[in-house]
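> Mind looking at a prediction? Sequence and model below.
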Amino acid sequence: MSQTFRLTLKSTFEESERIPDFVEELQQSCNLSDDITSTFMLLLSEAVSNAIDHGNEGDPEKEVYILIDISDSKIATSVKDEGEGFNPQVHKDPLQEENLLDARGRGLFLLNEMADSVTFSENGTKLSFTLHRPKK
């Protein structure tokens, strides 16, 4: 059995402050462990920040659409923005010496390192990631 949750945010950082309460509600209703919840919170926050900042360029007239499907085995999430899109194959490695002081690129790096899968679609305007839930 799975449960589906949706959240739509305006492209402002004030709106992104709704994420912690939203994730706490998910934790309660789906009985998520503290470990998976903290990882999920970080990844969702990064994905939403990227959608607001890079995708929608902070335009409060544009929205970010979040769709989350939680089953006993995984959390499947998609975050879609209304921006122009980008090529996810072209990004800087934040671990390269010349990029160490550059704050950009860390969100995608974290997503790729911590999620069990990460994909981009719709010309880079939609990011999907999956976290597997440990067996009980």
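Arrived safely, thanks for sending.
> pLDDT score assigned to residue 12?
Reading off the per-residue confidence, residue 12 sits at a pLDDT of 95.
> all strands of this protein, in order?
Listed in chain order, the strands of the chain (DSSP state E) span residues 2-10, 63-71, 74-80, 117-121, 126-132.
> For the second one, list every residue counted as buried.
Of the residues in strand 63-71, those buried by neighbour count under the rule 16 or more other C-beta atoms under 10 Å are 63, 64, 65, 66, 67, 68, 70. All C-beta spots, glycine's among them, are computed from the backbone N, C-alpha and C.
> what's the answer for the first one, then?
For strand 2-10, the buried set under the neighbour-count rule, 16+ other C-beta under 10 Å, comprises 5, 7, 9.
> ditto for the third one
For strand 74-80, the buried set under the neighbour-count rule, 16+ other C-beta under 10 Å, comprises 74, 75, 76, 77, 78, 79, 80.
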